[in-house]
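here you go, sequence then predicted model.
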Amino acid sequence: MRELKYKKPLWWSLAALGALIAAGSLALFVVRICWEGFSLLPGAVLLAAAVGGGLLIYQSLRTLSALRGLRPEQEIRSGPRSEREQALVAMEYLKAGVSRRFSRVLSTVILVLSAAVFLWAYGEAQTTESIPQSAAVTGMKYEKGIVISIDDSQYQGQQDVEDVPVGKQVVTVELTSGDYAGNRYQLTNNLSYLYGTVLKEGDNVTVSVSMENGEAYEILLQDYDRTSPLLWIILIFFVITILVGGKVGAKSLLGLGLTILCVFAVLIPMLLSGWPTLPTILATCAFVTVVEFVILDGVNKKTICAILGTISGVLFAQLFGQFACKLLRINGFLMYSAESAIEALLQIKQGQDPFHSLQIGDLLVGGILISALGAVNDVAMSISSSMKELMTVNPNLPRRKLFKSGMNIGRDMVGTMTNTLILALVGSSLVMMIYLSSLEPSFQQLMSTTFLSVEMVQMLASSIGVILAVPMSVLLGTLLFGHRRHAEK
């Protein structure tokens, strides 16, 4: 492939492939609009694929133009010495440019193929015959409103214990969305330590409108509308990430958006429709990893090492999680933190085909894969990048020493990353742990609780994925980065 990328037929073929992708994507985009109407996400994916095809054409034509200056080495060596040196420097510069474009072309091809895979998976997810628990099915709508006035006569104020609000407010709300926009209603805002938010005049709120025969028969105040503050928080996060991370930070945000999109637009609908839980989640993790690393750093040995190391680490986390769940006799039905949600999911499962239904039991291990993915790809990329730098600084570094250096770097990461994972999971279950401790159970009683077993499996399986990703990434890095240097000796 190293010599092939300097051949013109390859680039003519890539230009033709780009033209085919661009034309096919635009044609499919038009067909979808004509037959199914405009849909934002599929339309955006198809347009992105068309842009990718255009980039393939552009890069291919630029490379073909550059290759015109590629001269045979015997022709260069036949001239005077000064001219030969200048010609060789120019030739190396030209080859470096071709190599960069070839990497960009490979990245573009992979991203376009990923767009096609995503579009197929999204189509499969959207054809799912789901049984949603949303109240919209029973004729309930959620609208926005603004608080016009407040009657605090029944509001008892903030209590002494941690300023918990108690009582209720009678508020006048003017709806600002939906069929009843402009209408005003007196609604009750119940306040307790479990629910409710103290409201002020001018606050934006959400209300539920229950419909019957096309008419609203009950309107209830839901909560303070946190949409705008949340968007401001996200915007601040984006700005800080881009200011500090620059171009790489912007690419990381793109990868984050892709991950969120894959989880909510593809993975969850597929799981609800009865796709096998663990293979589907593992495939999603692999897909997200490939696309994210290609976006961040293109196609090269470093990203290949990081991708393979990440997938292997997540796979190890799955295998250990399945083994631990079988040994401890626990599954997704026994997750205390999601007890109410599991009851609702059981209602969905009862209305589905028994052979193609939501697999609740595997959701425990499935959650482990998703939670471990971020930490594993961080470790894999860090090791891959470090090993590449080691070979750059010392090209003659033997494979044995390269492997040893990589393991030394990886061992330092294991201590901090494993600690981070465990503390994150402890923090998410802190309330339950405090409650259990208040009961003063015996050691044997505590160790036998289902809650502790579930939490321990989640912590340890994720950590195992991180730990085993280290030797796998180091081994892959040794093979990838050490191979070329060994061959040159």
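Perfect, I can see it now.

which parts of the stretch 1-150 of the chain are strands?
For the stretch 1-150 of the chain, applying DSSP state E, counting those that start in this stretch gives strands covering 140-151.

tell me, what residue is most central in the chain?
Nearest to the mean C-alpha position of the chain, by CA atoms, centre = their mean, lies T259 at 2.0 Å.

who's in contact with that residue?
288, 292 (CB atoms under 8 Å, 6 or more residues apart in numbering). Using the backbone N, CA and C atoms, a C-beta is placed for each residue, glycine as well.

domains for the protein, by residue range?
Structural domains annotated on the chain: 4-126, 135-225, 251-488, as defined by automatic domain parsing.

who wins for proximity to I242 among those domains?
Nearest to I242 among the domains of the chain is domain 251-488 (7.2 Å), distances taken as CB to CB.

pLDDT (mean, whole number) over that closest one?
The average pLDDT for domain 251-488 rounds to 86.

show me the helices in this structure, by range?
8-36, 40-67, 73-76, 81-126, 227-261, 268-272, 277-297, 301-328, 339-350, 363-393, 399-428, 430-438, 443-448, 450-488 (DSSP state H).

distance of the residue nearest to the centre of the chain relative to V291?
The gap separating T259 from V291 is 9 Å, by CB to CB, to the nearest Å.

again with P354
P354 is 35 Å from V291, by CB to CB.

the two: which is more packed in?
A direct count of neighbours by other CB atoms under 10 Å for P354 and V291 places V291 higher, at 23 against 8.

give the contact list for that one.
By CB under 8 Å, 6+ apart, the residues touching V291 are 110-111, 114, 255, 258.

burial of S177, as a residue count?
Neighbourhood size, S177 [other CB under 10 Å]: 13.

please apply the same query to S357.
S357 has 16 neighbours, counted by other CB under 10 Å.

also the one 5 residues further on?
The local packing of D362 (other CB under 10 Å) involves 22 other residues.

isn't it up against P279?
No - at 9.7 Å, D362 does not count as touching P279 under the criterion of CB atoms under 8 Å.

in the sheet, who's paired with the nearest residue to S153 once chain neighbours are set aside?
When the adjacent residues along the chain are set aside, S153 lies closest to V170, with 7.6 Å between them (CB to CB, 6 or more residues apart in numbering). Beta bridges link V170 to D151, T188, judged by DSSP bridges.

gap between V170 and Y224?
In terms of CB to CB, V170 sits 16 Å off from Y224.

from S192, how far out is the residue nearest to S153?
Note on V170: its distance to S192, by CB to CB, is 16 Å.

neighbour count: these two, which is higher?
V170 (16 against 11).

show me what contacts the more buried one?
Contact partners of V170, counting by CB under 8 Å, 6+ apart, are 150-151, 153-154, 186-189.

list just the nearest of those residues to E92.
Out of the contacts of V170, the member with the shortest distance to E92 (by CB to CB) is N189, at 72.5 Å.

now the closest one: closest residue in space that isn't a chain neighbour?
Distances taken as CB to CB, 6+ apart put Q169 closest to N189, at 4.2 Å, once the chain neighbours are dropped.

and M387, by the same measure?
Spatial nearest neighbour of M387, excluding adjacent residues (CB to CB, 6+ apart): G477 at 3.8 Å.

and Y435, how many neighbours?
Around Y435 there are 10 residues (other CB under 10 Å).

where are the low-confidence patches of the stretch 51-200 of the chain?
Filtered on pLDDT under 70, the stretch 51-200 of the chain yields the residue ranges 69-90, 128-139, 156-162.

go again using 50 as the cut-off
Scanning the stretch 51-200 of the chain with the threshold set as pLDDT under 50 gives 133-137.

near the residue nearest to L480 when sequence neighbours are not counted, how many other residues are there?
Leaving aside its sequence neighbours, L480 sits nearest to K301 (CB to CB, 6+ apart; 4.5 Å). As a burial measure, K301 scores 18 neighbours (other CB under 10 Å).

quick one: L327 from Q445, how far?
Counting by CB to CB, the gap from L327 to Q445 is 20 Å.

wait, S273 touches Q359, no?
No - S273 is beyond contact range of Q359, at 10.9 Å (criterion: CB under 8 Å).

off-centre distance for stretch 354-371?
The chain centroid and the centroid of stretch 354-371 are separated by 18 Å, computed with CA atoms, centre = their mean, to the nearest Å.

got the contact list for that stretch?
Here stretch 354-371 makes contact (CB under 8 Å, 6+ apart) with 263, 271-274, 276-278, 281-282, 285, 314, 317-318, 321-322, 325, 330-335, 342, 345-346, 348-349, 352, 421, 425, 454, 457-458, 461-462, 465.

was I right to think T172 contacts N183?
No - contact criterion CB under 8 Å: T172 and N183 do not qualify, at 11.0 Å.

more neighbours: which of these two?
T172 (16 against 13).

correct me, but V207 touches T176?
No - V207 is beyond contact range of T176, at 10.1 Å (criterion: CB under 8 Å).
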